[in-house]
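Chemist: Build me a model from this:
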Amino acid sequence: MSLSAARPRFPGVPSIIDGSEAVAHVETRISEGCCAYPITPSTTMAALYQAAVADGQQNLWGTPLAFLEPESEHSSASAAEGFALAGGRVTNFTAGQGLVLMKEVLHVISGKRLPVVFHVGARALTSQALNIHAGHDDVMAIADTGWGILFARNAQDVADLAPIARRVAEETDTPFFVVQDGFLTTHTQENVLLPEDELLREFVGDPRERIRDLFDPAEALMSGVVQNQDAYMKGRIAQRAWYDQIPGALESAMAEWATLTGRRHRAVEAYQTDDAQHIVVAMGTIADSLTDVVEHLRAHDVRAGAISLTSFRPFPATQLAEALSGAKSVAVVERTDEPAASANPLARELKSALADRAAATGERIPRVVAASAGLGSRDVSAGDLLAVYRWLGDKQEMTARPYAVLGVDHPLALAPEPIELRPAGAYSLRGHSVGGYGSVTTNQLLAGVVAELFGLHVQAYPRYGSEKRGLPTTYYLTVAGEPIRQHAELRAVELVPLYDVAAFGQGDPLAGLVDGGTLFVHSPSGEAQRIWSSLPAEARARIIARGIRVVALDTAALARRFAPSPALATRMQGAALVGVFLRVAPFVAERNLSLDELMAAVRGPLTRALGKRGPKVIAANLALIRAAYEELIDVTAQVAQEVAA
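Modeler: Numbering: from 1, shown residues only. The predicted structure is shown next:
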């Protein structure tokens, strides 16, 4: 996505949300109903839609929303089929095995030319084990069903591609999937410019004016009949006429969206490819991360480029081959692995596109290699992607190893470069907590407050598995002056909050904490020396050697002091982290804000985040945040004073 310099009619509503919330924002405004059987990581999309139904929400044309949850994903797709046959604008949210279970019905929906839009939180399929995290093998399993498939790199792409897909689906009578990476996008809070209601009303249009009711008895039509040898093939081949319309309709919709919003999307998003010798092609969050890597390499005089493929179906073969035509070598990085095939799905399509172009023009074909990465949300770091470009620059290595893997210990693995690419001046935290104590929600609250308060970009995401509740949870937040494009665990952080010093017995909380960084400890003690002594001796030695600052607070006591009811005390502990962050991070001092000015500024975003909980809860959280800011114990400073005395 590129941004226009001129101010557009609809610049977007600034928000801090994740990909699931972006989907819900759009679909609760433009659709009429949802038929879904929620499955992780798409569950939040359905929950938000269902909540809108329970609140009696209407779409932009005054139609009350409807939600139907049948007994399986297969049945939810069938229900959506019926909804669309009757002329309704319907959606569905799914992932993983749920998406594959729908496959029988997906063929039927496309064959009947029903313009539905389903949203996928792309998830690894259960293979040797179950995994609930990101993978593209579920989408590849249904890529032959005749649906359009658009891949989002981040939450902003999700917010924009949802209405674009709906517009194109209804113009071409073709169903579409909008795909985002499970957890890495569905559950990651980022800065997003949400589409305004008037924009959606104008761009998408009233469903009554755009969707045909195939069950209208006034226009008799048979649908889903039996066809024998004399008719079936004619019906299948005749459908090519619809698919021939899609590339033009998609390009037109994306261009109009750019005119209205200033946000330009393309089927093939090429970055620095005009003179590039080495180009990496990917989809989803990996493609987002490639931008930083290309900028880093360009700064070191490496002619690198990257391509993010937005439209996997229809496959933009001509455009992709043209964008790659000047390269010496190309790598395709995918979140899937098909070892029995000649190559992974995107690599197969890309090679075919290049071969067709070479046959037509007589031009050489770049050397193409492929890699699997990020299966089950395995980290794909900037160092991993730099290793891919290093591979592309070594002819002998490409010949010896035309296929590689990233991020695991394996004979085919590329060794990552020891680097992390964060925006200049970025400030990051890595929190250690226990599932069920609200730490992830607190991180989201902190991201929203900091982004709005200081006008900065944020990225907040959790790391946990299906066994989350009651077990260790790690969460991350990065704050920067520019967009944060990396979607991997942080190697370097400036702040580490600990729910309990017991975290030292489960790992190394000091790993990755920069020299001179801050360690925050939840402690029931108010005495600096006692808090200091509670840390392992080995950790204390490293803290001293590396100049790490230790601060502490009894967050449980604070929560009990300010909670409007005992039931809220546990959850409100997390709000103390907002006060701690504001105290130790550099942003308040850089802006020379007094405490009263700071708290007045915090009230606005806090009210927007907690408004539904009522004024008492808002006031209690604001008082708690102020107390945390004021009462924070600087453990290392006090201990040093005592030693000096």
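
Chemist: Compute the number of surrounding residues for Arg364.
Modeler: Neighbourhood size, Arg364 [other CB atoms under 10 Å]: 10. All C-beta atoms are positioned from the backbone trio N, CA, C, and that covers glycine.

Chemist: Ala358 is in contact with that one, correct?
Modeler: Yes - with contact defined as CB atoms under 8 Å, Arg364 counts as touching Ala358 (7.0 Å).

Chemist: Only the buried residues of stretch 127-136, if you could.
Modeler: In terms of neighbour count (16 or more other CB atoms under 10 Å), stretch 127-136 has its buried residues at 131-136.

Chemist: Grab the two from those residues that are most spread out in space.
Modeler: Within those, Ile132 and His136 form the most distant pair, 14.7 Å apart (CB to CB).

Chemist: give me the low-pLDDT residue ranges for the protein?
Modeler: Across the chain, the ranges flagged by pLDDT under 70 are 4-5, 435-438, 465-471, 645.

Chemist: Break it down into its domains, please.
Modeler: Annotated domains of the chain cover 2-261, 270-405, 427-644 [automatic domain parsing].

Chemist: what would the ones you listed look like in CSV with distance to Ala413?
Modeler: Rendered in CSV, the data for those read as follows (distance: least, CB to CB, whole Å):
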stretch, distance to Ala413
domain 2-261, 18
domain 270-405, 5
domain 427-644, 16
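
Chemist: With respect to Pro416, which of those domains lies nearest?
Modeler: Using CB to CB as the measure, domain 270-405 is the one of the domains of the chain that comes nearest Pro416, at 3.6 Å.

Chemist: my guess is Val496 contacts Phe520, does it?
Modeler: Yes - when contacts are counted by CB under 8 Å, Val496 is listed as touching Phe520 (7.0 Å).

Chemist: So these two - more neighbours on which side?
Modeler: Phe520 (26 against 23).

Chemist: secondary structure class for that one?
Modeler: Reduced to three states with DSSP: H, G, I helix; E, B strand; the rest coil, the structure at Phe520 is strand.

Chemist: how close does it sit to Ile246?
Modeler: As for Phe520, its distance to Ile246 is 52 Å (criterion: CB to CB, to the nearest Å).

Chemist: now do Gln128
Modeler: On the measure of CB to CB, Gln128 and Ile246 end up 37 Å apart.

Chemist: who's in contact with stretch 334-350?
Modeler: Stretch 334-350 is contacted by residues 122, 124, 134-137, 140, 143, 181, 281-284, 286, 309, 312, 315, 317, 320, 324, 330, 332, 351, 368, 370-375, 403, 405 when judged by CB atoms under 8 Å, 6 or more residues apart in numbering.

Chemist: So which of the residues you listed are in strands?
Modeler: 122, 181, 281-282, 309, 312, 330, 332, 368, 370-372, 403, 405 (DSSP state E).

Chemist: List just the nearest of those to Asn621.
Modeler: Asp181 (31.7 Å).

Chemist: how about the strands in the stretch 101-250 of the chain?
Modeler: Assigned strands in the stretch 101-250 of the chain, in chain order: 117-122, 148-151, 176-181, 189-194 (criterion: DSSP state E, counting those that start in this stretch).

Chemist: Quick check: which of the ones you listed is buried the most?
Modeler: strand 117-122 (a mean of 31; mean count of other CB atoms under 10 Å).

Chemist: and the closest residue to Trp147 other than its chain neighbours, how many residues sit next to it?
Modeler: The shortest distance from Trp147 to any residue other than its chain neighbours is 4.8 Å, reached at Pro175 (CB to CB, 6 or more residues apart in numbering). Using other CB under 10 Å, Pro175 is surrounded by 25 other residues.

Chemist: Now do the buried residues in stretch 244-255.
Modeler: Those would be 246-247, 249-251, 253-254, for stretch 244-255 by 16+ other CB under 10 Å.

Chemist: do stretch 102-117 as well
Modeler: Buried residues in stretch 102-117, counted by 16+ other CB under 10 Å: 102, 105-106, 108-111, 113-117.

Chemist: same deal with stretch 90-104?
Modeler: Buried residues in stretch 90-104 (16+ other CB under 10 Å): 90-102.

Chemist: and the longest helix for this protein?
Modeler: helix 240-261 (DSSP state H).

Chemist: Report all helices and strands that that helix contacts.
Modeler: helix 155-172, helix 197-204, strand 263-264 (3 or more CB pairs under 8 Å, 6 or more residues apart in numbering; DSSP states H and E).

Chemist: Who are the packing partners of the first one?
Modeler: For helix 155-172, the elements it packs on are helix 19-30, strand 117-122, strand 148-151, strand 176-181, strand 189-194, helix 197-204, helix 240-261, judged by 3+ CB pairs under 8 Å, 6+ apart.

Chemist: That one to strand 189-194, inter-axis angle?
Modeler: Counting by axes from the mean of the first three to the mean of the last three CA atoms, to 10 degrees, helix 155-172 lies at 40 degrees to strand 189-194.

Chemist: Can you dump the C-alpha atoms of helix 155-172 in PDB for me?
Modeler: Provided in PDB are the C-alpha atoms of helix 155-172 (Å, rounded to 0.1, in the frame of the first residue of the first chain):
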ATOM      1  CA  ALA A 155      -4.400  -4.600   9.800                       C
ATOM      2  CA  GLN A 156      -4.600  -1.500   7.500                       C
ATOM      3  CA  ASP A 157      -4.700  -3.800   4.400                       C
ATOM      4  CA  VAL A 158      -7.500  -5.800   6.000                       C
ATOM      5  CA  ALA A 159      -9.600  -2.600   6.600                       C
ATOM      6  CA  ASP A 160      -9.100  -1.600   3.000                       C
ATOM      7  CA  LEU A 161      -9.300  -5.000   1.200                       C
ATOM      8  CA  ALA A 162     -12.600  -5.900   2.900                       C
ATOM      9  CA  PRO A 163     -14.600  -3.300   1.000                       C
ATOM     10  CA  ILE A 164     -12.600  -3.600  -2.100                       C
ATOM     11  CA  ALA A 165     -13.200  -7.400  -2.200                       C
ATOM     12  CA  ARG A 166     -16.900  -6.800  -1.600                       C
ATOM     13  CA  ARG A 167     -17.100  -4.300  -4.500                       C
ATOM     14  CA  VAL A 168     -15.300  -6.600  -6.900                       C
ATOM     15  CA  ALA A 169     -17.300  -9.700  -5.800                       C
ATOM     16  CA  GLU A 170     -20.600  -8.000  -6.600                       C
ATOM     17  CA  GLU A 171     -19.400  -6.500  -9.900                       C
ATOM     18  CA  THR A 172     -18.200  -9.800 -11.200                       C
END
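
Chemist: can you give me the angle it makes with helix 240-261?
Modeler: Using the same axes, to 10 degrees: helix 155-172 against helix 240-261 is 130 degrees.

Chemist: Can you tell me which of the buried residues of stretch 102-117 comes closest to Asp18?
Modeler: For the buried residues of stretch 102-117, the nearest to Asp18 is Val117 (18.9 Å; CB to CB).

Chemist: Just put the buried residues of stretch 102-117 in TSV and tack on distance to Thr259.
Modeler: Converted to TSV, the buried residues of stretch 102-117 look like this (distance: CB to CB, whole Å):
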residue	distance to Thr259
Met102	35
Val105	36
Leu106	33
Val108	36
Ile109	31
Ser110	30
Gly111	34
Arg113	28
Leu114	29
Pro115	23
Val116	26
Val117	22
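
Chemist: and stretch 387-397, how far apart are its ends?
Modeler: The first and final residues of stretch 387-397 sit 12 Å from each other (CA to CA, to the nearest Å).

Chemist: I'd like to check what contacts that stretch. Which residues are they?
Modeler: For stretch 387-397, contacts defined as CB under 8 Å, 6+ apart pick out 278, 280, 293, 297, 302, 304, 328-331, 333, 367, 369, 371, 398, 401, 404, 406, 414-417.

Chemist: Would you mind writing the ChimeraX command to select the buried ones in those?
Modeler: ChimeraX command restricting the contacts of stretch 387-397 to the buried ones, with burial defined by 16+ other CB under 10 Å:
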select :278,280,293,297,302,304,329,330,331,333,367,369,371,398,401,404,406,414,416,417
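
Chemist: Can you name the residues that contact the residue nearest to the spatial centre of the chain?
Modeler: Residue closest to the average C-alpha location in the chain (CA atoms, centre = their mean): Thr185, at 1.2 Å. Thr185 sits next to 18-19, 121, 152-155, 158, 284-285, 487 when contact means CB under 8 Å, 6+ apart.
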